[in-house]
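> Sequence first, predicted coordinates after that:
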Amino acid sequence: MSQEPAKTAATAFAGGPVLHPLFDALARELHARPYGVAAAPARVVHLALTGGDSAAERTSLTRLCAMQNAPMPPPGASHVQIECDGLRLTWERHAEFATYTFVLPWRGTALFEPVSALALPHAWIAALPGQTIAAVQLALIAGEPPTPEAIAELFEGRNIVGGFAAGGLAQLWTDFRSDRENFVRMIVHGGAMSSPRQAGRLVQRLLEIETYTMMALLALPLAREINPAVTETERNLARIAEATTGVEALEEEQALLKRLLSLAAELATLGARTPYRFGAARAYYALVQKRIEELRERRIEGRQTVGEFMERRLSPAMRTCETMERRLEALSERVARASDMLRTRIDVTLAAQNRDLLLSMNRRARLQLRLQQTVEFLSIAAITYYGAGLVGHVAHGAAALGYAVNEPLVVAASVPVISGLLLVGLWAFHKWLGRD
């Protein structure tokens with residue numbers, strides 16, 4: 001009897017084939033991180049935090065939604081948008097960090113205001129899990145762009161980076177330096193951008209450039225920290241390689257191999273700390289370059305573009321990390337080759353010692369064989385002597401019984417007979433021993 005299935009699988013349409021179990025999840029993934037919408041004028045406050053826990057972050061979001069009477073975020077989400085009282089918060093969970101982007105309505109006349117004075121849930125922000133790795137305050141403005149004098153005053157006369165973006169539709173200014181509140185200031189003039197979505201894409205790219213830049217730079221302190229150890233290891237390896245050419249004794253070679261194994265252990269300890277961080281730095285740097293490309297910048301004479309600034313400031317740091325990574329890889333290969341060569345030398349030395357030992361054992365075996373053969377011949381002489389003596393006693397007894405026996409002749413005749421029999425017996429015994 002057939003039984004009905006407990007649950008009917010989902011189909012693409014009525015009577016259609018069964019859907020893949022991951023169909024919905026994969027389809028949603030394409031739209032998991034939509035670009036924000038930012039209509040000028042608006043203020044944007046962006047925070048990137050590392051070291052947090054996604055579960056704790058979702059708990060904080062749930063608490064904020066309860067405070068603001070906003071819909072609760074779906075469980076397991078990695079991208080959440082909350083809107084309440086004119087404030088919009090976008091939370092995104094990445095592999096190593098989480099970002100919190102607040103879009104606030106424009107209030108006041110100043111392009112930048114102290115973040116502590118903005119209408120933000122400051123107590124809630126202070127309790128967020130993790131440590132701040134990037135912080136940005138961005139002013140998205142419309143109307144007349146600020147004058148060069150006003151921009152210079154806003155950035156306190158520091159080196160200002162910027163130019164036309166979005167193919168010339170917008171302008172942007174920043175100095176990529178932290179202000180007194182540790183926020184990087186950015187100004188985006190919407191200009192001729194056609195929609196808030198286009199402005200939102202530009203804003204998000206700028207925020208991601210700052211965030212990914214800081215995440216990429218996390219590898220630089222590590223590269224600087226391990227540089228002395230790598231340099232010292234290179235020197236020790238050079239010393240060992242130089243000493244290898246002059247050693248001959250097995251004990252010295254084994255001591256050098258022990259030093260090489262110690263170097264290999266130190267490199268393994270360094271290597272355990274670096275691959276992930278350096279690999280992540282490469283990935284973040286590639287994202288920074290991609291976001292800069294998407295800005296579609298146009299240069300303003302006398303001012304660096306964002307791409308030029310990053311090429312002069314970020315690229316050297318990334319090349320330092322890449323150089324350190326290559327040094328570690330090359331050093332590990334050199335240590336491995338030196339260890340293999342030294343092991344080969346030790347094996348050759350041990351083989352030579354084993355050969356000499358076998359030759360010595362062979363010589364001793366030949367001497368023992370000759371001694372054994374000498375003892376055997378002496379034994380034959382002794383046995384022949386005692387055998388002839390027995391024959392003499394037999395002949396003497398026969399003469400006493402009245403037989404005509406020439407005792408000396410009988411004894412003399414028995415000597416070759418007894419010796420011959422002993423030699424033939426010894427030969428047969430040796431043949432029997434060596435039959436295998």
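Thanks, I have the structure now.
> how about Leu342, what does it touch?
Leu342 makes contacts with 244, 253, 256-257, 260, as judged by CB atoms under 8 Å, 6 or more residues apart in numbering. (Glycine included, C-beta is placed from N, CA and C.)
> Using PDB, list the CA coordinates for the lengthiest strand in the chain.
The longest strand of the chain (DSSP state E) is strand 131-141. Backbone C-alpha positions of strand 131-141 (Å, rounded to 0.1, in the frame of the first residue of the first chain) are rendered in PDB as follows:
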ATOM      1  CA  GLN A 131      35.300  48.900  18.900                       C
ATOM      2  CA  THR A 132      35.100  51.700  16.400                       C
ATOM      3  CA  ILE A 133      37.500  51.300  13.400                       C
ATOM      4  CA  ALA A 134      35.900  54.000  11.200                       C
ATOM      5  CA  ALA A 135      33.700  57.000  11.800                       C
ATOM      6  CA  VAL A 136      32.400  59.400   9.200                       C
ATOM      7  CA  GLN A 137      30.100  62.500   9.300                       C
ATOM      8  CA  LEU A 138      29.000  63.300   5.800                       C
ATOM      9  CA  ALA A 139      27.000  66.400   4.700                       C
ATOM     10  CA  LEU A 140      24.900  65.800   1.600                       C
ATOM     11  CA  ILE A 141      23.900  69.200   0.300                       C
END
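> returning to that earlier point: so which of the contacts of Leu342 is surrounded by the most neighbours?
Leu260 (23 neighbours; other CB atoms under 10 Å).
> nearest spatial neighbour of that one, skipping sequence neighbours?
Spatial nearest neighbour of Leu260, excluding adjacent residues (CB to CB, 6 or more residues apart in numbering): Ser339 at 4.8 Å.
> Could you do Leu314 as well?
Nearest to Leu314 is Thr213, by CB to CB, 6+ apart, at 5.9 Å.
> Nearest the middle, which residue of the protein would you pick?
Residue closest to the mean C-alpha point of the chain, counted by CA atoms, centre = their mean, is Pro275 at 3.5 Å.
> pLDDT wise, what is that residue at?
Listed pLDDT for Pro275 reads 88.
> about what we covered before: wait, which of the contacts of Leu342 is closest to Arg235?
Ranking the contacts of Leu342 by separation from Arg235, with CB to CB as the measure, puts Leu260 on top at 13.8 Å.
> And the closest one, how close does it get to Ile240?
6 Å (CB to CB, to the nearest Å).
> got it, and Leu120?
60 Å.
> Compare neighbour counts for the two and give me the winner.
Set side by side, Leu120 and Ile240 show more neighbours around Ile240, with 19 against 16, by other CB under 10 Å.
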